[in-house]
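K.L.:
What shape does this take:
(one chain, ligands or ions: 1)
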Amino acid sequence: MLISASRGYKELPTLTAISLDQINRALSSRLTPWTDLATAATPSTSTARPTRPPSQSPSLPPPFQTSSPHHPGLPPSPRGRYPFILYPSSFIRACPNSNATHRTHHKLVSIHRKTRFNLPRQGLRKMSTLTAITSSTSPLASAFKKQKVAIIGSGNWGSAIARIAGNNALKLSDIFEYEVSMYVYEEDFNGKPLTQVINELHENPKYLPGIKLPENVVAYPSAAKAAEGATLLVFVLPHQFIRSVCTQLKGQINPEAYAISMIKGVEVKDGEISIFADVIEETLGVECAALSGANIANEVAEDKFSETTIGHREGEKGKEAAELFFKLFDTPTFKVGMIEDVAGVSLCGALKNVVAIAAGFTDGLGWGDNAKAAIMRIGLLEMKRFSEEFFKGVKPETFTETSAGVADLITTCFGGRNRKCAEAFVKTGKSFEVLEKELLNGQKLQGSETAREIHEFLKARGKVDDYPLFKAVYSIAYEGIDAHDLTSKL
Ligand SMILES: NC(=O)c1ccc[n+]([C@@H]2O[C@H](COP(=O)([O-])OP(=O)(O)OC[C@H]3O[C@@H](n4cnc5c(N)ncnc54)[C@H](O)[C@@H]3O)[C@@H](O)[C@H]2O)c1
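P.N.:
Here you go, the predicted model:
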């Protein structure tokens with residue numbers, strides 16, 4: 001939000017940023033009533049001259065109203081959208097009350113026309129120099145409201161990211177509200193509801209044991225309750241649950257909210273493929289970015305250094321959302337980068353899990369590091385080719401230069417649950433379904449499921465043979481082909 005001193009108020013230094021606490025402090029100081037400035041006002045560059053209806057009391061309206069009767073040219077906050085009373089700056093200059101509080105107030109709330117708020121153009125043209133006064137009782141004051149964060153999900157990664165968001169919300173208390181709500185799919189943990197355990201212990205002992213969550217992270221068993229009033233929604237669920245949770249949230253969320261998807265997967269339905277940022281955007285009607293990177297949850301939770309990437313939409317809204325999410329997540333040990341490529345970031349996160357299954361097969365076969373490096377190289381090329389072939393606007397550098405691309409591929413092929421289960425698949429001969437239950441303690445396996453979905457999609461298009469590594473992973477995982485055949489067609 002860009003806030004500056006009114007151009008008509010020369011004494012004021014330009015303010016490029018303003019903290020909500022500053023504004024609140026100023027607003028909480030009681031302002032003395034205005035004297036009749038309609039006659040006292042000096043001529044200004046503004047063409048809108050102060051007038052007051054005869055029925056009006058001699059003093060100007062007290063601050064904190066939703067519209068100014070002195071400027072009938074300005075529409076009175078229709079649908080409650082305009083958070084300011086607008087006065088020509090001549091009013092402010094002529095204000096006889098020069099006490100410090102009053103002046104500070106004006107300084108703090110003077111707002112340049114080039115803010116994100118859609119002030120009425122006609123009114124602005126008429127009043128070339130404006131000073132805006134925030135209205136604390138106005139519904140429009142929402143423009144200065146703090147961001148309310150809701151984390152939709154509470155698994156291994158969901159809890160790790162809730163910890164970061166909670167800590168940053170505490171540190172940046174002028175931007176974020178104190179409470180960070182977290183939707184927890186309710187289940188029993190040692191005879192108690194998991195939400196209760198999390199709220200009592202400030203820890204998620206089922207999915208992120210041994211890591212303390214800040215006390216402002218509050219668990220809710222209902223997604224709608226957790227998302228109530230949220231302006232920033234963080235979707236961090238295994239992809240199989242996204243549709244059902246979005247259905248619970250439909251019509252329940254703030255339509256002005258920004259969302260971000262941390263889901264590593266794709267949805268394939270009726271031969272069509274979608275990334276989850278698009279599913280969320282279409283289902284809930286909110287702009288949705290994506291975050292992905294080389295981020296093994298336990299390492300991030302222990303504050304071991306890692307990088308991540310936010311892929312955002314184009315345009316001002318896309319950038320604004322990305323900057324807010326940057327502030328919510330960036331820390332000295334969790335470095336956030338940004339790129340205008342939601343699809344590329346999302347697809348990297350989904351497809352690298354299929355490559356990680358292949359990497360796990362090589363571990364199970366005892367083939368060594370050279371073989372794994374070859375799988376990773378071929379896998380990266382297939383990931384990039386697939387994304388460019390089926391999605392518009394994907395940037396090649398997302399794959400080669402960001403944490404979401406090559407870095408996440410490397411980490412997933414060396415660590416992570418997909419590699420681990422694929423190694424066990426070769427060594428034990430058990431199915432992925434069984435191994436997920438035996439090895440992951442309730443966590444969900446994404447790579448085998450994504451391999452199946454990608455195969456279904458390519459088959460519908462007659463393109464299975466164009467992606468030999470993806471095909472080999474599917475055939476070994478689901479068609480009983482020997483893992484030794486992994487590289488035979490590459
Ligand atoms: N764990 C990681 O290291 C990591 C890192 C980056 C991204 N991701 C991605 O983040 C997403 C979330 O993964 P995670 O690790 O937080 O989850 P997880 O696999 O650790 O946990 C499973 C979660 O699903 C919930 N769940 C189970 N049944 C459910 C249902 N019917 N409805 C709704 N929720 C249900 C559980 O409560 C739990 O929170 C995934 O897409 C994953 O690929 C994970």
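
K.L.:
Kindly tell me how buried Q147 is, as a neighbour count.
P.N.:
Neighbouring residues of Q147 were enumerated by other CB atoms under 10 Å; the total is 19. (Glycine included, C-beta is placed from N, CA and C.)

K.L.:
One more: the one 10 residues further on?
P.N.:
Here the number of neighbours of W157 (other CB under 10 Å) works out to 24.

K.L.:
show me the contacts for the closest residue to it other than its chain neighbours.
P.N.:
With CB to CB, 6 or more residues apart in numbering as the measure, A297 is the residue that lies nearest to W157, at 4.3 Å, once sequence neighbours are left out. Applying CB atoms under 8 Å, 6 or more residues apart in numbering, we find A297 in contact with 156-157, 159-160, 208.

K.L.:
looking at those, which has the most residues close by?
P.N.:
Taking other CB under 10 Å as the neighbour criterion, S159 ranks highest of these with 28 neighbours.

K.L.:
any idea which helix or strand carries that one?
P.N.:
Per DSSP states H and E: S159 is located in helix 156-171.

K.L.:
any idea how far L208 is from the one residue in the chain that gets nearest to the ligand?
P.N.:
Closest residue of the chain to the ligand, CB to the nearest ligand atom: G155 (2.2 Å). From G155 across to L208, the span is 8 Å (CB to CB, to the nearest Å).

K.L.:
Check whether stretch 319-336 comes near the ligand.
P.N.:
No: between stretch 319-336 and the ligand, judged by CB under 6 Å from any ligand atom, nothing touches; the nearest distance is 11.8 Å.

K.L.:
Mean confidence (pLDDT) on that stretch, please.
P.N.:
Within the predicted structure, the mean pLDDT of stretch 319-336 is 98.

K.L.:
Equivalent analysis for stretch 243-254, please.
P.N.:
Stretch 243-254 shows an average pLDDT of 95 in the prediction.

K.L.:
In that stretch, which residues are buried?
P.N.:
Within stretch 243-254, the residues scored as buried using 16 or more other CB atoms under 10 Å are 245-246, 249, 253-254.

K.L.:
Export only the CA atoms of that stretch, formatted as CSV.
P.N.:
Provided in CSV are the C-alpha atoms of stretch 243-254 (Å, rounded to 0.1, in the frame of the first residue of the first chain):
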residue,chain,number,x,y,z
ARG,A,243,-12.2,-30.7,-3.7
SER,A,244,-14.1,-31.7,-0.6
VAL,A,245,-12.5,-29.0,1.6
CYS,A,246,-13.2,-26.4,-1.2
THR,A,247,-16.9,-27.5,-1.2
GLN,A,248,-17.0,-26.9,2.6
LEU,A,249,-15.6,-23.4,2.0
LYS,A,250,-17.7,-22.4,-0.9
GLY,A,251,-19.7,-19.2,-0.1
GLN,A,252,-18.1,-19.1,3.4
ILE,A,253,-15.0,-17.1,2.6
ASN,A,254,-14.2,-13.4,2.1
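
K.L.:
roughly how far out does it sit from the chain middle?
P.N.:
Going by CA atoms, centre = their mean, to the nearest Å, the spacing between the C-alpha centre of stretch 243-254 and its chain's C-alpha centre is 16 Å.

K.L.:
Straight-line length of stretch 284-304, end to end?
P.N.:
34 Å (CA to CA, to the nearest Å).

K.L.:
Is it positioned near the ligand?
P.N.:
Yes: using CB under 6 Å from any ligand atom, a contact is recorded between stretch 284-304 and the ligand, made by 295-297.

K.L.:
can you give me the mean pLDDT across that stretch?
P.N.:
The average of the pLDDT scores along stretch 284-304 is 97.

K.L.:
Quick check: the gap between S154 and P205.
P.N.:
Taking CB to CB as the criterion, S154 is separated from P205 by 12 Å.

K.L.:
Could you report the neighbour count for D188?
P.N.:
D188 has 10 neighbours, counted by other CB under 10 Å.

K.L.:
who touches the closest residue to it other than its chain neighbours in this structure?
P.N.:
Residue nearest to D188 in three dimensions, not counting chain neighbours: L194, with 7.3 Å by CB to CB, 6+ apart. Contact partners of L194, counting by CB under 8 Å, 6+ apart, are 184-188, 204, 206, 219.

K.L.:
can you pull up the bridge partners for the residue positioned nearest the centre of the chain?
P.N.:
Of all residues in the chain, the one closest to the mean position by CA atoms, centre = their mean is I260, 3.4 Å from it. Per DSSP bridges, residues listed as beta-bridge partners of I260: V234, A289.

K.L.:
doesn't V234 make contact with it?
P.N.:
Yes: contact between I260 and V234 holds when scored by CB atoms under 8 Å: they sit 5.5 Å apart.

K.L.:
where along the stretch 101-250 of the chain do the strands fall?
P.N.:
Listed in chain order, the strands of the stretch 101-250 of the chain (DSSP state E, counting those that start in this stretch) span 130-134, 147-152, 176-183, 188-189, 192-193, 203-204, 208-212, 217-220, 232-235.

K.L.:
can I get the ones you listed in TSV with distance to the ligand?
P.N.:
Putting the strands of the stretch 101-250 of the chain into TSV (distance: least, CB to the nearest ligand atom, whole Å) gives the following:
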stretch	distance to the ligand
strand 130-134	39
strand 147-152	9
strand 176-183	8
strand 188-189	10
strand 192-193	12
strand 203-204	8
strand 208-212	8
strand 217-220	11
strand 232-235	9
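
K.L.:
Let me have those in JSON lines, extended by mean pLDDT.
P.N.:
As requested, the strands of the stretch 101-250 of the chain are arranged in JSON lines below (pLDDT from 0 to 100):
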{"stretch": "strand 130-134", "mean pLDDT": "34"}
{"stretch": "strand 147-152", "mean pLDDT": "98"}
{"stretch": "strand 176-183", "mean pLDDT": "98"}
{"stretch": "strand 188-189", "mean pLDDT": "97"}
{"stretch": "strand 192-193", "mean pLDDT": "98"}
{"stretch": "strand 203-204", "mean pLDDT": "98"}
{"stretch": "strand 208-212", "mean pLDDT": "98"}
{"stretch": "strand 217-220", "mean pLDDT": "98"}
{"stretch": "strand 232-235", "mean pLDDT": "98"}
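
K.L.:
okay if I get those as a markdown table plus distance to G318?
P.N.:
Listed next are the strands of the stretch 101-250 of the chain as a markdown table, based on distance: least, CB to CB, whole Å:
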| stretch | distance to G318 |
| --- | --- |
| strand 130-134 | 26 |
| strand 147-152 | 16 |
| strand 176-183 | 20 |
| strand 188-189 | 39 |
| strand 192-193 | 38 |
| strand 203-204 | 31 |
| strand 208-212 | 31 |
| strand 217-220 | 27 |
| strand 232-235 | 14 |
